[in-house]
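Chemist: After the sequence you'll find the predicted model.
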Amino acid sequence: MSSLSRELVFLILQFLDEEKFKETVHKLEKESGFFFDMRYFEDCVTNGEWDEVEKYLSGYTKVEDNRYSMKIFFEIRKQKYLEALDKRDNGRAVEILAKDLKVFSTFNEELFKEITMLLTLANFRENEQLSKYGDTKSARAIMLVELKKLIEANPLFRDKLQFPTLKSSRLRTLINQSLNWQHQLCKNPRPNPDIKTLFVDHTCGPPNGACAPSPVTNPLMGSIPKVSGFPPIGAHGPFQPAPAPAPAPLTAAPLTASLAGWMANPSPVAHQAVSAGPIGLSASSNAASTAKRPRTPPTNNLAMDYQTADSENVVKRPRPFGISEEMNNLAVNILPVTYPAQSYAHSLSEDLPKNVFSDLSQGSTVKSMDFHPVQQTLLLVGTNIGDITIWEVGSRERLVSKKFKVSDLGACSRILQASLASEYTAAVNRVIWSPDGALLGVAYSKHIVHIYSYHGSDDLRDHLEIEAHIGNVSDLAFSQPNKQLCVITCGEDKTIKVWDAVNGNKQYTFEGHEAPVYSVCPHHKEGIQFIFSTAIDGKIKAWLYDNMGSRVDYNAPGHSCTTMAYSADGTRLFSCGTNKEGESHIVEWIESEGAVKRTYHGLGKRSVGVVQFDTTRNRFLAAGDEFQVKFWDMEHVNLLTATNADGGLPASPCLRFNKDGILLAVSTNENGIKILANADGARLLRSIEARALDRVLDASRAASTAVAKGPIIGTFGASSSTTGTSIAVADRSAPMTAIVGLNGDSRTLPDVKPRVTDELEKSKMWKLTEINEPSQLRSLRLPESLMPIRVVRMIYTNSGGAILALTDNAVHKLWKWQKNEHNLSGKATSASPPQLWQPSSGILMTNDICETNQEDAVPCFALSKNDSYVMSASGGKISLFNMMTFKTMTTFMAPPPAATFLAFHPQDNNIIAIGMDDSSIQIYNVRVDQVKSKLRGHQKRVTGLAFSNVLNILVSSGADAQLFVWSMDGWEKQASKFLQIPSSHVPNPLGQTRVQFHQDQTHLLAVHATQIAIYEAPKLECLKQWIPRESSGSITDAVYSCDSQSIYVSLEDGSVCILTSTTLQLRCRINPGSYLPSNPSGRVYPVVVAAHPSEPNQFALGLSDGGVLVMEPPEDGKWGSSPTLENGAAPTISSTAGSDQQPR
């Protein structure tokens, strides 16, 4: 159905509602499936009209459509069942059980049995989970809260929960407009016509007073004579079926199918693309009719439309706030879930960066900003006097500052030379980073575009200078058609141009706009690359990378000067602009039809300048308007919240989110920038701030203390070695990126890597600190009430308030810290003992165990990002446990082969990478219970997996001491490399190799019994290697600290080594006498080590005797530094200037 036909249904719904045809309204809603009336649904649920509830739902979804739908129907039928039991109507309850609930037994047989057992109870409230069930009214209200959240999260209800904003009686208005138009066409129009029918076109009678023929006597009227300015209705009616598309090459079909709908209001000017017969547009008798005829897009081509629930890509959509990421792949519960009374808007707004963290003084008016795509605390700024600056917003440090300068004035055109002779300055219109952050582009108000290459720190180098346009260069963007990086520019000369980003050669020039081009927005869909462009007259056009002209000619809302932007996942298109009258519009487009999907409310009516906007996290929109920053949830048209950032903002401030949406930069009136942050952003910036201060203090102490000269320890990127073994990465890492830990956790960690200048780092010389006594550190052995069994896997929860361990007998143990006067944060600490937690039921989380050789099993687990669920295996089936109840939610993938490592996909929690003992890796979709890909390359069992969001790769490691790199796009193998194992080492067929990405998501920690090694992905170049001394025995485990600055290494002799991650320099060794009892019953050593998710100096050890210890340095100290005590005495710590375990 075309967009206009769909809109007609909405008009009819409005008409029926206004005319009080209530029953008919809901029937049409259900039959069309266009709009789900949540208020009507709420009334039916509240009144217990269960048959009508399910009947209404059936117009939109069925039980088996997806897990959201399944849980919706289950909650409704469960409530119906409980109400029957509450009324002692067991006959009715049995009927509901047999007819309505039986369908869920195939999904969770245990749950169905538990529900059935309620029939045997005198009062179902005797069941522990239902003990808090109140009366019917309150139970329905609680259930309704959950149902609404499930419906909002269900992709089948997407776009169906918001009724379009219409003026009252819109259908009547349109009919009246039509009748007025018909009356104007009458040959003898009467002053006050008496229109008695809508069945035929109106016409006034002849002058002698004869009445117009009635529809009964003359049902078929002739066609209306064509009048200049009005197209014939019969030929070009808006609800006419879409014409058949003309044949077109396969490569262009998806794009033109999606862009064809934008031709609903074509320009009267026939551009080159129209006269030449653009690819995929409908056939017509001549070029003129092609240019003039409005078209409705074909309804059978969904190449660029939103996918249906059956689409494989539906799980990649962002879910609305309030529904856990695991909701779509988990079993249902008996007890209705209760939610806090906090409002939806308040919950969302808490996640926004609204609090002012710092102010940066730029010195001139900010015109454009962009955060680095990888090092997300680097901010690029351009100003009105042509300056560009790169800021480290965490330390408030200005890393780079460049003034406008033309490098080769003699090569410029005479027009530009004349302009610069009169005034040698130009304003910056746009600054932007390339997708990988290696280049940055600057568009100026005078002809010129500059491209620079960025090499970290203050190293910014000239790359290209292009005289791109005559006059103002309005916008600039990077794109990668045919996998070749290009620069796209637009300008005052009404053109769009494409340039090779390597050599600056011009590749395409697009002409067709009739006014200066204001912005460009490149994108790709279905393998087709295209560019949207907007002009100051409000025209929107789209271009392929060819010379066939514009594929689109459309008007922006209000004919405004507009910018366009896609959501982060590239599935949703938005625009924001301001017209000459100061009216601003921010809208979402139906990309496949060229129609406005929703218009967001809240922008001012008299905006000053063009309102700027940005999108983030596939969830929020932000615009600078009326001296404040305004925020919208993408799913709701009304303003979510706003902030004035403590005042001082201009009328239409410039703004920009960083990639993860935890920071927001906003320009100020005083030639400055305010950095706004949410809680995660504030933690990130404080950690950078603190570490920058630490570096300065360390350097100051080093400079004032005479020390023996030793080898200089370089930092990332600071080494002058040409051997290729130093780690060359940028000084800053990508914050909030998913890191798959050595113990299988998939988590999001803040970047606390500060900028460290080479001079500061070179002034340091680490001394090896030997810790031998318990007084030299803080350690806590966690309380134990269960049988102590060897710990084989261990992890901190993402919140940092608990530790989860898996023992050799397949039992999980969970220790939780409570908030109290000794532990105000409730986080894990050695200062306060936690509780070994168990639910009131007393059950344990126990993995399925294979009856065959259990000694060969490789235990593994992965924790969900919200700490609600753990996926685990110990040689048998993979189990999914609820961390609150310890209940087994489901089991799957029975051996053989058995799972040996688990990792959640960083972008989709429904996708799991599973390492197997048959040396394969299975990419498993939990939602559809299907293995999507099977990766083969290892020769022995897979023992480690790590995802990189930045490189879009999966790295695997195995017992064969081999690393593989796999593309996350098609799961193709990209590279492989064997670890450099010492020749003296005897290979262990059951040995394990683990991998973990550094926060920069490029450098990889590989852990083997013989060594610690740092590799650079994706080519797997070995940069550093550390081998322990022979007397220490083999390495048992190792992990990065949460800030990726340290590596904690546990060894067989019981010692723990702490390395500096940049150099693999050993700076601290904790000997077993400092934390183990002096007379253990047997040999005890750490088997696993886990790092705290937010405390860089805290880690935990899982021991071979079943014990778990939390380790921290002395109060206010760090590993490898000696804190000064109050009485002036220092602890007895053996220090040496070097190490017997040097990195290679």
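Modeler: Cool, got the structure.
Chemist: List the contacts of the residue lying closest to G672 once chain neighbours are set aside.
Modeler: On the basis of Cβ to Cβ, 6 or more residues apart in numbering, the spatially nearest residue to G672 that is not a chain neighbour turns out to be S361, at 5.0 Å. The C-beta positions use only the backbone N, C-alpha and C, and glycine is treated the same way. Residues near S361 by Cβ atoms under 8 Å, 6 or more residues apart in numbering: 670-672.
Chemist: mind redoing it with 10 Å?
Modeler: 396, 398, 668, 670-673 (Cβ atoms under 10 Å, 6 or more residues apart in numbering).
Chemist: Quick check: of those, which has the highest neighbour count?
Modeler: Highest neighbour count within the contacts of S361, by other Cβ atoms under 10 Å: I673, with 25 neighbours.
Chemist: Distance from the chain centre to the host helix or strand of it, please.
Modeler: With elements delineated by DSSP states H and E, I673 resides in strand 672-677, which encompasses its position. Taking Cα atoms, centre = their mean, to the nearest Å, one finds the center of strand 672-677 at 22 Å from the center of the full chain.
Chemist: cool, stretch 878-885 as well?
Modeler: Between the mean C-alpha point of stretch 878-885 and the mean C-alpha point of its chain there is a distance of 25 Å (Cα atoms, centre = their mean).
Chemist: for stretch 377-384, same thing?
Modeler: Here stretch 377-384 shows a centroid-to-chain-centroid distance of 23 Å under the convention Cα atoms, centre = their mean.
Chemist: Give me the mean pLDDT for stretch 402-420.
Modeler: Along stretch 402-420, the predicted local confidence has a mean pLDDT of 90.
Chemist: quick one: average confidence on the strand holding I673?
Modeler: Per-residue pLDDT values across strand 672-677 average out to 96.
Chemist: tell me the helices in the stretch 301-450 of the chain, going along the chain?
Modeler: Taking DSSP state H, counting those that start in this stretch, the helices of the stretch 301-450 of the chain run over residues 344-349, 414-422.
Chemist: buried set for the longest one?
Modeler: Read that as helix 414-422. For helix 414-422, a neighbour-count test (16 or more other Cβ atoms under 10 Å) marks 416, 419-420 as buried.
Chemist: mind exporting it as PDB, just the C-alpha atoms?
Modeler: These are the backbone C-alpha positions of helix 414-422, laid out as PDB (Å, rounded to 0.1, in the frame of the first residue of the first chain):
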ATOM      1  CA  ARG A 414      42.600  34.700  -9.600                       C
ATOM      2  CA  ILE A 415      39.300  35.000  -7.900                       C
ATOM      3  CA  LEU A 416      40.600  33.400  -4.700                       C
ATOM      4  CA  GLN A 417      43.900  35.400  -4.900                       C
ATOM      5  CA  ALA A 418      41.900  38.600  -5.200                       C
ATOM      6  CA  SER A 419      39.600  37.600  -2.300                       C
ATOM      7  CA  LEU A 420      42.600  36.700  -0.100                       C
ATOM      8  CA  ALA A 421      44.400  39.900  -1.100                       C
ATOM      9  CA  SER A 422      41.600  42.000   0.300                       C
END
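Chemist: Can you get me the centre-to-centre distance for it and its chain?
Modeler: Helix 414-422 sits 46 Å away from the centroid of its parent chain (Cα atoms, centre = their mean).
Chemist: Please apply the same query to stretch 897-913.
Modeler: With Cα atoms, centre = their mean as the basis, the distance from the averaged C-alpha position of stretch 897-913 to the chain average is 18 Å.
Chemist: distance of the nearest residue to L416 once chain neighbours are set aside from V406?
Modeler: Nearest residue to L416, sequence neighbours excluded (Cβ to Cβ, 6+ apart): H447, at 4.6 Å. Between H447 and V406 the computed distance is 9 Å (Cβ to Cβ, to the nearest Å).
Chemist: With N192 instead?
Modeler: From N192 across to V406, the span is 71 Å (Cβ to Cβ).
Chemist: for L360, same thing?
Modeler: From L360 over to V406 (counting by Cβ to Cβ), the distance is 27 Å.
Chemist: likewise Y454?
Modeler: Here the distance between Y454 and V406 works out to 21 Å (Cβ to Cβ).
Chemist: ok, the two, which is more surrounded?
Modeler: Comparing Y454 with V406 by other Cβ under 10 Å, the one with more neighbours is Y454, at 24 against 20.
Chemist: Assign a three-state SS to the nearest residue to T885 once chain neighbours are set aside, would you?
Modeler: Here the nearest residue to T885 in space, its sequence neighbours aside, is P839; by Cβ to Cβ, 6+ apart that works out to 5.4 Å. Using DSSP: H, G, I helix; E, B strand; the rest coil, the secondary structure recorded for P839 is coil.
Chemist: List the contacts of P839.
Modeler: P839 sits next to 128, 814, 845, 882-887 when contact means Cβ under 10 Å, 6+ apart.
Chemist: Looking at those residues, which one is closest to T616?
Modeler: Of all the contacts of P839, the one sitting nearest T616 is M883; the distance, using Cβ to Cβ, is 29.2 Å.
Chemist: contacting residues for the spatially most central residue of the chain?
Modeler: Centroid check for the chain by Cα atoms, centre = their mean gives R617 as the closest residue, at 4.8 Å. Applying Cβ under 10 Å, 6+ apart, we find R617 in contact with 318, 351-352, 567-569, 634, 657, 659-662.
Chemist: Same check on E423?
Modeler: With contact taken as Cβ under 10 Å, 6+ apart, E423 is in contact with K446.
Chemist: how near is it to T389?
Modeler: Distance, E423 to T389, by Cβ to Cβ: 22 Å.
Chemist: sorry, back to before: show me which of the buried residues of helix 414-422 is closest to L945.
Modeler: For L945, the nearest member of the buried residues of helix 414-422 is L416. The distance, counting by Cβ to Cβ, is 54.6 Å.
Chemist: Surely that closest one and V406 touch.
Modeler: Yes. At 8.0 Å, L416 and V406 qualify as touching, with contact defined as Cβ atoms under 10 Å.
Chemist: Quick check: neighbours shared by those two?
Modeler: When contacts are counted by Cβ under 10 Å, 6+ apart, the set common to L416 and V406 consists of 426, 446-448, 467.
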